[in-house]
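Undergrad: Structure of the sequence below:
(chains A and B)
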Amino acid sequence: MIRALLALLLVASAEGATTTVLLPMGNYGAGTQSFTNQVVPTGVNGAQLIIDISQASDPLPLMSGSLEGSRDGGTTWAPAGSFSRDAGVKGTVGPNGVVPTTITGTFALDAFWNDTANASRRLRGSATLGGPARIAISVRTLP
Amino acid sequence: MKHLVLALLLLASASSAEGAIAYVQSATATVTTATSITSGSINTTTGNGVIIFLPWSNFNYGFVSIVDNNSNSFTQAGSEVFSANFAAIRAYYNCNIAGRSGHTFTFTIGGADSLDIVIHEVSGQSTTSCLDQVTQAIDNTTSHSSGNITTTQANEILLGAASTVDANAMTQTGTFTQVYNVTATGSVIGYLTGYRIVSATGTYAYTHTTPGANRTAQSIVSIKEATAVTRRQKCIGCGADKVLVE
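TA: Residues are numbered from 1 along each chain as shown, chains lettered A, B, ... in the order given. Predicted coordinates:
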């Protein structure tokens, strides 16, 4: 299993939301890509973990993503949301038949994301690929 | 010879007030295309209740399971409400959870599609039979309702949720406190959820509006307060062993 600490490559703000690209678009093998100890600004009350699958071959390998939050500067950690997608064709989602271009998990309200005044919050997370795929991974914090 | 020292026994009622029914906290998560979604964690309290709403597109794949990371089981309230080309919604509950720190909840469906999970924790509910009423409805209009429930007990908490596949923003109406509101996009099932505490029996519904016709599903669940606010009798003139002092 490949495990890599990812460098932050891009931070962009739009309407109060901040998007951090954790892994640029590229070809990646099976394994887990992770990031850790990212400072979460006060006021942030949720986040999206986004796997861009727009350039990934069809069918997709298994893909999963998870976030963990620390409210004490990185000493202890608790789950802050996760998702998993079994291997299979991209297909369409919903009754409107939309072809998905991302796997986007959005998480809010729980103990970590509700602690909006805490300046000691930190975020870490990972994305796991069950096989090779061309993807990008980013995190978007919600104001 | 027994000498009766105390002949006066007063029975006075005192409200034990173990706790009025109350909203505690929530967690929510949504994903655009996945087979399972897990909420962020909350620190729950043993003996509290949990009510879960599960909006998702079951156009392609059906419900598989709702589980947590503390071996609690959840009972479905009512039935799944769904119509072709609508988003489905289910409600589940547990009247007496085993709580823990880092409590998470996972919703799984049969294949990759759009799904959401909404968790509400409540306190002061009946721990043996907390579900009073539930009803669900679907429509394709601008004014949406779960349909009416008529509660059977004065003090209850009402929890409502709505799901939609259309991009018109939902505006909660009525006197519910809104907890969360997500507008649908092409691949996100929109949802809305809120709660209301009532102190009298009555007829209630969970309602919202949209600026254009939305295909929506609504659900409302009423949870009974513990009858605990039963009154305990206090023996005046009794010893610590609750026996009358003679």
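Undergrad: neighbours of whichever residue of chain A sits closest to chain B, just the number please.
TA: Nearest residue of chain A to chain B (CB to the nearest CB) works out as A:D110 at 3.1 Å. In short, each C-beta sits where N, CA and C put it, glycine included. For A:D110, the count of nearby residues is 28 (other CB atoms under 10 Å in any protein chain shown).
Undergrad: give the contact list for the closest residue to it other than its chain neighbours.
TA: Spatial nearest neighbour of A:D110, chain neighbours left out: B:G40 (3.1 Å); criterion: CB to CB, 6 or more residues apart in numbering or on different chains. Counting by CB atoms under 8 Å, 6 or more residues apart in numbering or on different chains, B:G40 touches A:67, A:69, A:78-81, A:107-113, B:27, B:29, B:104.
Undergrad: do the same with A:V93
TA: A:V93 makes contact with A:99-100, B:32-33, B:57, B:60, B:112-114, B:187 under the criterion CB under 8 Å, 6+ apart.
Undergrad: Across the sheet, point out what pairs with it.
TA: A:V98 (DSSP bridges).
Undergrad: Next, give phi and psi for the one residue in chain B that gets nearest to chain A.
TA: Closest contact between chain B and chain A, by CB to the nearest CB, is at B:G40 (3.1 Å). Dihedral angles of B:G40 (phi, psi; degrees, to the nearest 10) stand at phi -60, psi 170.
Undergrad: what pLDDT does it get?
TA: At B:G40, the predicted lDDT confidence score is 96.
Undergrad: give me the beta-bridge partners of it?
TA: Beta-bridge partners, per DSSP bridges, of B:G40: A:A80.
Undergrad: how about the nearest residue to B:R90, chain neighbours excluded?
TA: That would be B:L54: by CB to CB, 6+ apart, it lies 4.5 Å from B:R90.
Undergrad: so B:R100 touches B:V50, yeah?
TA: No. Taking contacts as CB atoms under 8 Å, B:R100 lies outside contact range of B:V50: 11.9 Å.
Undergrad: Common neighbours of these two, please.
TA: Shared contacts of B:R100 and B:V50, counting by CB under 8 Å, 6+ apart, come down to B:T44.
Undergrad: Between these two, which is the more surrounded one?
TA: B:V50 (24 against 18).
Undergrad: Can I get the host helix or strand of that one in PDB, CA atoms only?
TA: Per DSSP states H and E: B:V50 is located in strand B:49-56. The C-alpha coordinates for strand B:49-56 follow below in PDB (Å, rounded to 0.1, in the frame of the first residue of the first chain):
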ATOM      1  CA  GLY B  49     -32.900   8.500  21.700                       C
ATOM      2  CA  VAL B  50     -31.800   8.700  18.100                       C
ATOM      3  CA  ILE B  51     -33.900   9.500  15.100                       C
ATOM      4  CA  ILE B  52     -32.400   9.000  11.700                       C
ATOM      5  CA  PHE B  53     -33.700  10.200   8.300                       C
ATOM      6  CA  LEU B  54     -32.300   8.700   5.200                       C
ATOM      7  CA  PRO B  55     -32.900  10.600   1.900                       C
ATOM      8  CA  TRP B  56     -31.500   9.100  -1.200                       C
END
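Undergrad: ok, now which ones touch A:A17?
TA: A:140-143.
Undergrad: since we're on A:T106, how many residues are nearby?
TA: Neighbour number of A:T106 under other CB under 10 Å is 22.
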